[in-house]
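Enquirer: Provide a 3D model corresponding to the input given below.
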Amino acid sequence: MRQENAYKIKLIKLLEILRQDSDEDHYIGTSELIDKLDKMGIVCDRRTLYKDIEVLNSFGYEVLCEKSPGKSNCYCVADRSFDVPELRILMDAVQASSFITPSKTEILLDKIADLGGSHRAELLQSNIVRFNTTKSTNENIFYAISEINAAIENNKKVSFEYFDFNEKHERVYRKERKRYFVNPMATIFDDDNYYLIAYYAKHPGVVHYRIDRMDRVEMVEEQSKDLYNGEPIDLKHHKKTIFGMFQGETQEVEFQADKCLLDVIFDVFGDNIALEPLNDNTVTFKAEVQVSPTFLGWCYSFGNKLKVVSPDFVLDEIQEHIDSLVKMYKEYRSKGNV
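Expert: I've put the predicted structure just below:
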């Protein structure tokens, strides 16, 4: 049994070396493999190495062999889980994510690069373009996500403190730092931030909390989740209806849009949104949205290229909002601030 275990360890270490130090562009020679195993205290020779490679191949690991006349065999592992472009995308995504702190960003970049083996890791690290992304300073966000997921899996409540920032970028805790106790439903990523979707037993609907603004997050072992009594919620659809995670009343809104905005419309509402041509340059469509200040701001950002045509109460909100902005700037300029 001891001999059998030693052989299993030998195969595991051999595979680790091949994965770390070889790829299709960098084969590793027989002598180098034997030397690396020897440094780990594992005895190996050419004859047994050939058999070990055959065993790895028989278990589905694609170990390629390069044979040259008068030279020893060279090997590489071809079954990479990720290729270089895929690893590059993952690394860029980590860099662009503002909720990941600078120190955690560097740790994750190293881990992702190592997935490509030592040669590709060196290439990936040398070609990193540092993004000018404003990063979170909350080092506990990964712990918070872990606690929230544990609470969801175990049907438990989650407890936390919640804070905003003042003008000096100092934490200001809500509710005089009294703890929130909520029923977690899911975590979602939106607009470069992670959010907790949760509910309260005594209030209808769901609420959102930015996870990087949560402190001292804990699963409440002694409290199971309350029964959800609200309207059934499709989280995937729910995410499409909100803008910047600011909630409002869900309404079906009809739009008219210039065809130059088609890419934007598909990005926001999905490829299955039904568009009707109004004329050569304009389309109409309907979508369920949560009418909030961020939704109104999104509409304004396209100027006369996007128009809300119904329902009337949304048009009234838009008109009131625009009137208040016009009034604010008129008063500002009337005081000589030009």
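Enquirer: ok, which stretches of this structure are helices?
Expert: Taking DSSP state H to define them, one finds helices in the chain at 2-21, 30-39, 46-58, 84-96, 102-114, 117-126, 141-153, 235-241, 262-269, 293-300, 312-334.
Enquirer: need the winner for burial among the ones you listed.
Expert: Per residue and on average, the most neighbours among the helices of the chain fall to helix 141-153, with a mean of 18 (mean count of other CB atoms under 10 Å). No exception for glycine: its C-beta is placed from N, CA and C like everyone else's.
Enquirer: flag the shaky bits of the stretch 51-200 of the chain, pLDDT-wise.
Expert: Scanning the stretch 51-200 of the chain with the threshold set as pLDDT under 70 gives 79-82, 117-134, 191.
Enquirer: domains of the protein?
Expert: Structural domains annotated on the chain: 2-77, 84-126, 141-232, 237-330, as defined by automatic domain parsing.
Enquirer: of those, which approaches Lys135 most closely?
Expert: domain 84-126 (5.0 Å; CB to CB).
Enquirer: contacts for stretch 62-69, please.
Expert: Contact with stretch 62-69 is made by 18, 24, 27, 53, 56-57, 73-79, as judged by CB atoms under 8 Å, 6 or more residues apart in numbering.
Enquirer: rerun at 6 Å
Expert: When contacts are defined by CB atoms under 6 Å, 6 or more residues apart in numbering, stretch 62-69 is touched by residues 27, 53, 56-57, 73-79.
Enquirer: quick one: which of those residues sit in strands?
Expert: 74-77 (DSSP state E).
Enquirer: and the helices of the chain as TSV, adding distance to Pro277?
Expert: Below are the helices of the chain laid out as TSV (distance: least, CB to CB, whole Å):
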stretch	distance to Pro277
helix 2-21	54
helix 30-39	65
helix 46-58	58
helix 84-96	36
helix 102-114	45
helix 117-126	46
helix 141-153	44
helix 235-241	23
helix 262-269	11
helix 293-300	21
helix 312-334	23
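Enquirer: who wins for proximity to His169 among those helices?
Expert: Closest among the helices of the chain, using CB to CB: helix 102-114, at 15.4 Å.
Enquirer: of all the ones in strands among the contacts of stretch 62-69, which comes closest to Tyr200?
Expert: Nearest member of these to Tyr200, counting by CB to CB, is Val77, at 51.9 Å.
Enquirer: Leu14 versus the closest one, what's the distance?
Expert: Distance, Val77 to Leu14, by CB to CB, to the nearest Å: 10 Å.
Enquirer: try Glu222
Expert: According to CB to CB, Glu222 stands 49 Å off from Leu14.
Enquirer: residue contacts, Arg88?
Expert: Here Arg88 is in contact with no residues (criterion: CB under 6 Å, 6+ apart).
Enquirer: what's the burial count for the closest residue in space to Phe266 that isn't next to it in sequence?
Expert: Among residues not flanking Phe266 along the chain, Ile273 sits closest, at 6.8 Å (CB to CB, 6 or more residues apart in numbering). Around Ile273 sit 16 other residues, with neighbours defined as other CB atoms under 10 Å.
Enquirer: again with Val207
Expert: 16.
Enquirer: leaving out chain neighbours, which residue sits closest to it?
Expert: Ala198 (5.7 Å).
Enquirer: thought the one you found was touching Thr187?
Expert: No - using CB atoms under 6 Å, Ala198 makes no contact with Thr187, being 9.8 Å away.
Enquirer: how close does the residue in the chain sticking out farthest from the centre get to Tyr209?
Expert: Distance from the centre of the chain peaks at Gly70, with 51.2 Å (CA atoms, centre = their mean). Noted for Gly70: a distance of 68 Å to Tyr209, by CB to CB.
Enquirer: ditto for Thr282
Expert: The value you get for Thr282 to Tyr209, if CB to CB is used, is 39 Å.
Enquirer: neighbour count winner among those two?
Expert: Set Thr282 next to Tyr209 and count neighbours by other CB under 10 Å: Tyr209 wins out with 22 against 15.
Enquirer: what residues are up against that one?
Expert: Neighbours of Tyr209 in contact, by CB under 6 Å, 6+ apart: Leu196.
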